[in-house]
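K.L.:
3D, please:
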Amino acid sequence: MSTTTHEIPDAAEVALEDIDVSDPALYESHAFPEFFRRLRREAPVHYCKDGYCDAFWSITKYDDVVEIEKNHEVFSSAFERGGISLMSAPERRDIVPGASFITMDPPEHGPHRAMVAPAFTAGNLKELESEIRARVTDILDPLPVGETFDWVQHVANELPIQMLATLFGVPQEDRSKLLRWSNLIIGVEDTDVVESREQAVEELKEFGEYFVWLMGERAKAEKGPDLISLLAHSAVGQSLSREDYMGNISLLVVGGNDTTRNSISGGLHGLMEAPDQYQKLRDDPSLIPSAVSEMIRWVAPVAHMRRTAVEDTVFRGHTIREGDKVAMWYLSANRDEDAFEAPDEFRVDRYVPGSGAPRHLSFGMGIHFCIGARLAEMQLRCLWEELLQRYPRISLEGEPTRLYSNFISGFKTMPVRIEA
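P.N.:
Alright, predicted model coming up:
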């Protein structure tokens, strides 16, 4: 089923000033690459005056995204200024009620990010690797061989949500709730996900009640290593309003689930579209770490991050006014012809040591670099190490369906078959 209700025009035929890359239909239909190629070529700093997300600037080149990402003095992430999505945070209070550390600027950002940082230290991640591998094994071993099944449902959805339950310290039987809440936060406008916004708001009431109760329980217990306990036993966590507490929980749910699961699906899809690279990876599994980085570059699971100008400024000859929305399009910057060699080719050896390939921007840059980046990479690495040992050949058995979202780039379904 498609949520798109209008015909997608040819990118070459749209007047430059009328291009609107905030239209979720471009991502559901996978029509966006040509629009971004045109913007990078003709208008790398582009103003859309009346788009799906109202008026906004698009930044589509690698170096430009990096420059804006690092300039938080002029380009703000703050919740009260609109947050990190083109759909303004204050307008989404019914879905995400408050601020999180990613929707804060310095000096507030640092102490709030530090609340959860201990969960993502190198030592803690090393301890998690054996659990990740065990969960990968439990997910892969029962997969049907020679039969068509949905990769998203049976694999991509399962690994990150199981690990998210572990990080929160909640029972694995509650992981389906976490998955549903994550889908609602991102897919509130997608009729495949929920029939109405009112239904989403009603379901998310349980989300709030669950985590407020959990915070209370962890506050009464001794401090543990899970994310809720870290929040409950930190001075900053204890000072959070209910709204900002749930803002942080929403960030951790979406960040810990959507980015990894869509890299799992998109990575496999990229390999199946490049059979020579798939074979190269089979022949040399030592390329898995490089291939994982390439998957994340290729997918760019977070399509954009939004900033808001706090003052009038001139950027690349364009006057951006105070209050203007500015979208840094990671999925465009990751395909910038001036940054990457053959950016539209999926290359499993792009990131081998010494290659000199620029770092992809899927995890962001600067103070907002994704706090769970290493965990996401570890999950993907363990998955592919175990997958190639068991099932070296997987084929696509039909057209996948994609998310109706301009924020998260990924798949709803992907029918595949493991060859005997």
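K.L.:
C-alpha only now, for contacts and for neighbours.
P.N.:
Will do.
K.L.:
list the buried ones in the helix of greatest length in the chain?
P.N.:
Criterion DSSP state H: the longest helix present in the chain is helix 242-273. Using 16 or more other C-alpha atoms under 10 Å as the test for burial, helix 242-273 gives 243-272.
K.L.:
could you do stretch 76-87 as well?
P.N.:
Judged by neighbour count using 16+ other C-alpha under 10 Å, the buried positions of stretch 76-87 are 76, 77, 78, 79, 81, 82, 83, 84, 85, 86, 87.
K.L.:
quick one: contacts for the closest residue in space to the last one that isn't next to it in sequence?
P.N.:
This points to residue 87. Distances taken as C-alpha to C-alpha, 6 or more residues apart in numbering put residue 53 closest to residue 87, at 6.2 Å, once the chain neighbours are dropped. Neighbouring residues of residue 53 by C-alpha atoms under 8 Å, 6 or more residues apart in numbering: 22, 23, 86, 87.
K.L.:
against residue 83, how distant is residue 53?
P.N.:
13 Å (C-alpha to C-alpha, to the nearest Å).
K.L.:
same question, residue 26
P.N.:
23 Å.
K.L.:
residue 370: what secondary structure?
P.N.:
coil (DSSP: H, G, I helix; E, B strand; the rest coil).
K.L.:
you'd agree residue 185 is up against residue 95?
P.N.:
Yes - counting by C-alpha atoms under 8 Å, residue 185 touches residue 95, with 6.2 Å between them.
K.L.:
so which of those two has more stuff around it?
P.N.:
residue 95 (23 against 20; other C-alpha atoms under 10 Å).
K.L.:
ok, that one - contacts?
P.N.:
Taking C-alpha under 8 Å, 6+ apart as the test, what residue 95 contacts is 185, 200, 201, 204.
K.L.:
by contact count, what packs against the helix or strand the second one falls within?
P.N.:
Going back to what we said before, that points to residue 200. Using DSSP states H and E, residue 200 sits in helix 197-220. The contact analysis (3 or more C-alpha pairs under 8 Å, 6 or more residues apart in numbering; DSSP states H and E) places helix 197-220 against helix 175-186, helix 227-232, helix 242-273.
K.L.:
quick one: those as a markdown table, columns for mean pLDDT and distance to residue 314 too.
P.N.:
Output for the helices and strands packed on helix 197-220, formatted as a markdown table (pLDDT from 0 to 100; distance: least, C-alpha to C-alpha, whole Å):
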| stretch | mean pLDDT | distance to residue 314 |
| --- | --- | --- |
| helix 175-186 | 95 | 33 |
| helix 227-232 | 96 | 40 |
| helix 242-273 | 95 | 31 |
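K.L.:
so which of those is nearest residue 361?
P.N.:
Residue 361 lies closest, by C-alpha to C-alpha, to one member of these: helix 242-273, at 13.0 Å.
K.L.:
so which of the contacts of residue 53 comes closest to residue 364?
P.N.:
Closest to residue 364, out of all of these and judged by C-alpha to C-alpha, is residue 86, at 16.2 Å.
K.L.:
neighbours of residue 198, how many?
P.N.:
Neighbours around residue 198, by other C-alpha under 10 Å: 12.
K.L.:
which residue packs closest to residue 243, ignoring adjacent ones?
P.N.:
Residue 243 sits nearest to residue 98 (C-alpha to C-alpha, 6+ apart), 4.4 Å away.
K.L.:
tell me the contacts of residue 59?
P.N.:
Residue 59 neighbours (C-alpha under 8 Å, 6+ apart): 44, 45, 46, 65, 326, 327, 328, 329.
K.L.:
among those, which ones are in helices?
P.N.:
Going by DSSP H, the helices hold residue 65 from the contacts of residue 59.
K.L.:
if you look at the contacts of residue 59, which of them are in strands?
P.N.:
45, 46, 326, 327, 328, 329 (DSSP state E).
K.L.:
for burial, what's the neighbour tally of the second one?
P.N.:
Here the count is done by other C-alpha under 10 Å, and residue 46 has 21 residues near it.
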